[in-house]
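Q: what would the 3D arrangement of this be:
(2 chains)
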Number of protein chains: 2
Amino acid sequence: MKWIPPMLAAVALFGVVAAQAPKSQPADEAAAAIAGGKLPPGYRDWRLISVAREEGELDDIRAILGNDAAIKAYREGTRPFPDGTIIARLAWSYDSSEVNNKAFGRRQSFVAGHPKNGVKFMVKDSRKYASTGGWSYAHFDEGKPLHDVSTLQRCFDCHLAIKDHDFVFTRYTP
Amino acid sequence: MKWIPPMLAAVALFGVVAAQAPKSQPADEAAAAIAGGKLPPGYRDWRLISVAREEGELDDIRAILGNDAAIKAYREGTRPFPDGTIIARLAWSYDSSEVNNKAFGRRQSFVAGHPKNGVKFMVKDSRKYASTGGWSYAHFDEGKPLHDVSTLQRCFDCHLAIKDHDFVFTRYTP
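A: Okay, the predicted model is just below:
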């Protein structure tokens, strides 16, 4: 499949498809940016859902952020997540901190270093993404979108393991 | 299952905007709450500065959040931090995730579990807290403030190690 600049396609097709889009369902600037192959402006300002650490090849420490719809759904326990929900996964290198270890008097402190393993998003639109559980998956490396279909398909394949939680691994931690 | 081209979503969502605005709270209100022995309302909505992991007795995974003044100072590199800066340290148990490990096919995934080691704050007021480097240190366990002076003094004693960075260990990670 050849990649077509998404916003160009969006403009070209807008007149046709817009008529099919429900006007009662307000979409989101961030979702449109992601679908258009761009990092959504301001995602780094989104609120924290939780944190995690992956060993192995990933070897990172990560934060999972959510847009307003995501945070609201998490806090209210709304499942499945409503359309408009966006969950972001940021990750950084897992660095031993010499400064912190010195203060603690022992080697115990690990901090986030440089950005690593890209930034990932899950965008909920139960109708548009019905064939992948209602979610689209996006991955950005240094701000550039990953277009490889098989790789993005693997996101969904893996998230199938957590289908009972609406395909979302991360739990909210207060 | 089929991957849905992002452009399709771009079309559907084209032109509709819903701005994401970070929650903000007057810095003095939050500082007053902390000084009064109360968790500042809404601190869990503050934006993320970075994440970290402590082994040893602490054995937690943590997130460091900042109020608006903190985030602004971090991003602009303002040092010393201006009065009104508040930095929050949340922490949770460091739990192996069986669900995630199963999906990854190996034991590599650790997630945040229950809240652990309290919630801590550093509040900058260069005049009021001049004797402790311009910062006050507060610790809450299950929402209750720690009043033990010697324990809080040890916060400052430890942060003295990082005096050259205005007593703040955590670096902002984009």
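
Q: make it CA atoms for all contacts and neighbour counts henceforth
A: Fine.

Q: which strand residues bridge the residue lying closest to residue A:137 once chain neighbours are set aside?
A: Computed as C-alpha to C-alpha, 6 or more residues apart in numbering or on different chains, the closest residue to residue A:137 that is not its neighbour in sequence is residue A:122, at 4.8 Å. For residue A:122, the beta-bridge partners are residue A:87, residue A:137 (DSSP bridges).

Q: next: residue A:93.
A: The partner residues for residue A:93, given DSSP bridges, come to residue A:60.

Q: check contacts around it.
A: For residue A:93, the contact set (C-alpha atoms under 8 Å, 6 or more residues apart in numbering or on different chains) comprises A:59, A:60, A:61, A:112, A:113, A:114, A:115, A:116.

Q: and stretch A:62-82, C-alpha only, in CSV?
A: Extracted in CSV, the C-alpha atoms of stretch A:62-82 (Å, rounded to 0.1, in the frame of the first residue of the first chain):
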residue,chain,number,x,y,z
ARG,A,62,7.6,5.0,30.7
ALA,A,63,4.6,7.3,31.4
ILE,A,64,1.1,6.8,30.2
LEU,A,65,-0.8,10.0,29.7
GLY,A,66,-4.4,10.6,28.7
ASN,A,67,-6.4,13.3,27.1
ASP,A,68,-9.4,14.7,29.1
ALA,A,69,-11.7,12.0,27.8
ALA,A,70,-9.3,9.3,28.9
ILE,A,71,-8.8,10.7,32.3
LYS,A,72,-12.5,11.1,32.9
ALA,A,73,-13.2,7.6,31.7
TYR,A,74,-10.5,6.1,33.9
ARG,A,75,-11.7,8.0,37.0
GLU,A,76,-15.3,7.1,36.4
GLY,A,77,-14.6,3.5,35.4
THR,A,78,-16.3,4.0,32.1
ARG,A,79,-15.8,0.8,29.9
PRO,A,80,-15.6,0.5,27.1
PHE,A,81,-13.7,3.8,26.7
PRO,A,82,-15.8,6.4,24.9
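
Q: assign residue A:163 to helix, strand or coil.
A: helix (DSSP: H, G, I helix; E, B strand; the rest coil).

Q: for it, the count of nearby residues, please.
A: Using other C-alpha atoms under 10 Å in any protein chain shown, residue A:163 has 13 neighbouring residues.

Q: and it, how far from residue A:49?
A: Relative to residue A:49, residue A:163 is positioned 19 Å away (C-alpha to C-alpha, to the nearest Å).

Q: list the buried residues for stretch A:138-145?
A: Residues of stretch A:138-145 classed as buried under the neighbour-count rule (16 or more other C-alpha atoms under 10 Å in any protein chain shown) are A:138, A:139, A:140, A:145.

Q: in a markdown table: those, plus distance to residue B:156 and secondary structure.
A: Output for the buried residues of stretch A:138-145, formatted as a markdown table (distance: C-alpha to C-alpha, whole Å; DSSP: H, G, I helix; E, B strand; the rest coil):
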| residue | distance to residue B:156 | secondary structure |
| --- | --- | --- |
| A:138 | 43 | strand |
| A:139 | 41 | strand |
| A:140 | 40 | strand |
| A:145 | 44 | strand |
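
Q: so who does the nearest residue to residue A:64 once chain neighbours are set aside touch?
A: Ranked by C-alpha to C-alpha, 6+ apart and with sequence neighbours excluded, the top spatial neighbour of residue A:64 is residue A:89, at 4.6 Å. Contacts for residue A:89 (C-alpha under 8 Å, 6+ apart) come out as A:62, A:63, A:64, A:65, A:119, A:120, A:121.

Q: residue A:90 contacts residue A:121, correct?
A: No. Proximity of residue A:90 to residue A:121 does not meet the contact threshold set by C-alpha atoms under 8 Å, at 9.0 Å.

Q: distance of the residue most central in space within chain A from chain B?
A: By C-alpha atoms, centre = their mean, chain A has its centre lying nearest to residue A:121, at 1.7 Å. With distances taken as C-alpha to the nearest C-alpha, to the nearest Å, residue A:121 is found 12 Å from chain B.

Q: pretty sure that residue contacts residue A:85?
A: No. Under the criterion of C-alpha under 8 Å, residue A:121 makes no contact with residue A:85, lying 10.2 Å away.

Q: looking at the contacts of residue A:93, which has the most residues close by?
A: residue A:61 (29 neighbours).

Q: so who does that one touch?
A: Residue A:61 touches A:51, A:52, A:53, A:54, A:91, A:92, A:93, A:94, A:111, A:112, B:51, B:52, counting by C-alpha under 8 Å, 6+ apart.

Q: just give me the closest of these to residue A:35.
A: residue A:91 (20.9 Å; C-alpha to C-alpha).

Q: SS state for the closest one?
A: Judged by three-state DSSP, the three-state class of residue A:91 is strand.

Q: quick one on the thing from earlier: any of the contacts of residue A:61 buried? List them.
A: A:51, A:52, A:53, A:54, A:91, A:92, A:93, A:94, A:111, A:112, B:51, B:52.

Q: in a markdown table, list these along with pLDDT and distance to residue A:174.
A: As requested, these are exported to a markdown table (pLDDT from 0 to 100; distance: C-alpha to C-alpha, whole Å):
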| residue | pLDDT | distance to residue A:174 |
| --- | --- | --- |
| A:51 | 98 | 11 |
| A:52 | 98 | 14 |
| A:53 | 98 | 18 |
| A:54 | 98 | 21 |
| A:91 | 98 | 20 |
| A:92 | 98 | 22 |
| A:93 | 98 | 24 |
| A:94 | 98 | 23 |
| A:111 | 98 | 21 |
| A:112 | 98 | 21 |
| B:51 | 98 | 15 |
| B:52 | 98 | 17 |
